[in-house]
Each structure stands twice: as C-alpha cells, then as structure tokens.
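Student: Predicted structure and sequence below. I'll ask about it afterward.
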Amino acid sequence: MTKRASPLEHEAVTGRGSADGGAFRHVSSARLPTAWGEFTLHAFENAAGQEHVALTVGDMTAGDVGEESDTAKKEKATAPVLSRIHSECLTGDALFSLRCDCGAQLQRAMQQLAEAGRGILFYLRQEGRGIGLVNKVRAYHLQDAGADTVEANQHLGFDADLRSYDVVADICRHFGITQLALMTNNPAKVEALQRLGIQVPVRLPIEIQANAHNRNYLQTKADKMRHLLQTVPKPTR
Ligand SMILES: [Zn+2]
C-alpha cells in the first residue's frame, strides 16, 4: 500500500512566488474519498485571494516508491504525470447541465486518474471560460436566442476564452512536476502550458458523446476554438 504524505508535510511548503508575480501559496491538504477512489485534496491561494484546488492520487514525487531501484525512481520522477486541467463549471460539474461536456469530462478524468493510481486534476476557479457565473448565465440567455458560445461571450464584451493557466505552473512547481500527460481536446491549452514552461509530451483525448443540448456547443468548439473532436463533423470553413 502506498504511504500518503501527511497534510502537515505539505503545510511546510508555502509562500512561493507565482508565475504572475504574486504570492502563490499552498494552504492545506486533506483526504478526499470519492466514488472512484481516494484522492488528496490540496488548496492553494494566489496573491489576489483566488482559491484553486488540485486532486492528486498516488505520489507526485519520486520520494516514496518503496523498493524500487534508483533508476526506477528517476524514471518515475521525470515521467509525464497523467493529468486533467478542469476549469470550474458550476452548471455542468454540480448541477448536471447537458449544455456542455464539463461534468462528464470531470467524472471521466477522476475515474481515469483513480484507475491509473497516479495523477493530478487541477480544478481552476475560472467559471465560464473566465467570465464568471453571472455572465455565463447572460451568455446562455443569448445562446437561447440563437448565438453560439463564442458570439455570446463577444456580445457581452469578453474574448472567447479568458482562462489563464499560470496557477497550473505554480502547482506543478509545488509538486516538482515538469511534464504532463494531459487529458484534453484543446491544443490551445497545451500551447499555453508550454509557454509557461510545462512540457506536455502526451495529449490524451477526452471526448464525451454529444447530446441534443450540447451538439452545437461542441461544434462551435471544434470550428472556432480548434478543439479536436471526433464526435462532431470537421470544421466547415
Ligand atoms: Zn461546462
């Protein structure tokens, strides 16, 4: 059985600088049993007071690999870590919305991490691709009248995607992670991480079967946001 690092050990690592220049810190960690297995929940805070969490399963470092040889430890320490970067979607994650694929992707990612026995889920508090919950409802209202997800955000005065992944780089540094095997359909996410110094040598698709409510949304993500989706037709323009 793998030994867990105690929350107190994690408490010691605080006050690191963040990629955006502010003070990023790890606040606390605790057990998080789930339907798919037991994770460790880690809470972080940046200088602006924004709160983010990461869920880990297994050990993120090479320091606890039992009887393995030094070579095996080194390989484990540098191997890409199975991961998912999930931006908060209250409607999809907690309210079972079928307007998007977020909730199903979150569940599948947690299941795959638990099955793999080692990996990390970054759960970033940037609702609605960064526009916030209330504006997301405004955007949904416009979509009910015929706009697509990109047009709706732009109509409200926002860019199509305001998400930032700086905190992912901070959390990777906290755990000593340098390479990710990332579950994503979004090449822009991979490019953003690489600009932040996180290597992503492996991209793993995480596709959810489209339904009548999210088919247009997925089509827009494929057409306008370069998402790589097999379950929707190829871009038409
Ligand atoms: Zn969503």
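Tutor: Looks like it came in fine. Because the structure is predicted, anything quoted here is derived from the model rather than measured.

Student: going forward, measure contacts and count neighbours with C-alpha atoms only.
Tutor: Noted.

Student: Residue numbers of this structure in contact with the ion?
Tutor: Within the chain, the residues that sit near the ion (CA under 5 Å from the ion) are 89, 92, 100, 102.

Student: Just the pLDDT for the nearest residue to residue 150 once chain neighbours are set aside.
Tutor: Of all residues not flanking residue 150 in the chain, residue 160 sits nearest, at 5.1 Å (CA to CA, 6 or more residues apart in numbering). If you check residue 160, the pLDDT there is 79.

Student: hang on, isn't residue 160 packed against residue 136?
Tutor: No: judged on CA atoms under 8 Å, residue 160 makes no contact with residue 136 at a distance of 11.8 Å.

Student: Parallel or antiparallel, which strands does the host helix or strand of residue 86 pair with?
Tutor: For residue 86, the element it lies in under DSSP states H and E is strand 81-87. Partner strands and pairing direction for strand 81-87 (DSSP bridges) are strand 119-124 (parallel), strand 179-183 (parallel).

Student: Give the bridge partners for the nearest residue to residue 109 once chain neighbours are set aside, please.
Tutor: Spatial nearest neighbour of residue 109, chain neighbours left out: residue 84 (6.5 Å); criterion: CA to CA, 6+ apart. Residue 84 forms beta bridges with residue 121, as assigned by DSSP bridges.

Student: What average pLDDT does the longest helix seen in the chain get?
Tutor: For the chain, the longest helix by residue count, based on DSSP state H, is helix 102-116. Throughout helix 102-116, pLDDT has a mean value of 96.

Student: And it, what's buried?
Tutor: 102, 103, 104, 105, 106, 108, 109, 110, 111, 112, 113, 114 (16 or more other CA atoms under 10 Å).

Student: Contacts only, for the residue nearest to the spatial centre of the chain.
Tutor: Residue closest to the average C-alpha location in the chain (CA atoms, centre = their mean): residue 85, at 1.2 Å. Neighbour list for residue 85: 121, 122, 123, 124, 168, 182, 183, 184 [criterion: CA atoms under 8 Å, 6 or more residues apart in numbering].

Student: can you rerun that using 7 Å?
Tutor: 121, 122, 123 (CA atoms under 7 Å, 6 or more residues apart in numbering).

Student: the strands in this structure, which residues?
Tutor: Shown for the chain, the strands assigned by DSSP state E span residues 16-17, 23-34, 37-45, 51-57, 81-87, 119-124, 179-183, 199-204.

Student: how about the last one: buried residues?
Tutor: With burial defined by 16+ other CA under 10 Å, the residues of strand 199-204 counted as buried are 199, 200, 202, 203.

Student: show me where pLDDT drops low in this structure?
Tutor: Scanning the chain for pLDDT under 70 picks out the ranges 1-22, 61-69, 72-77, 231-237.

Student: of the contacts of residue 85, closest to residue 153?
Tutor: residue 123 (22.0 Å; CA to CA).

Student: ok, so what distance separates the closest one from residue 106?
Tutor: 9 Å (CA to CA, to the nearest Å).

Student: How about residue 138?
Tutor: In terms of CA to CA, residue 138 sits 24 Å off from residue 106.

Student: Is there a neighbour count for residue 129? I'd like the number.
Tutor: When counting by other CA atoms under 10 Å, one arrives at 19 neighbours for residue 129.

Student: can you check residue 53 too?
Tutor: For residue 53, using other CA under 10 Å, the count is 21.

Student: If I follow the layout properly, it ends up in contact with residue 43?
Tutor: Yes: using CA atoms under 7 Å, residue 53 makes contact with residue 43 at a distance of 4.6 Å.

Student: How about stretch 144-158, which residues are buried there?
Tutor: By neighbour count on 16+ other CA under 10 Å, the buried set for stretch 144-158 is 148, 149, 150, 151, 152, 153.

Student: Looking at those residues, which one is closest to the ion?
Tutor: residue 149 (11.0 Å; CA to the ion).
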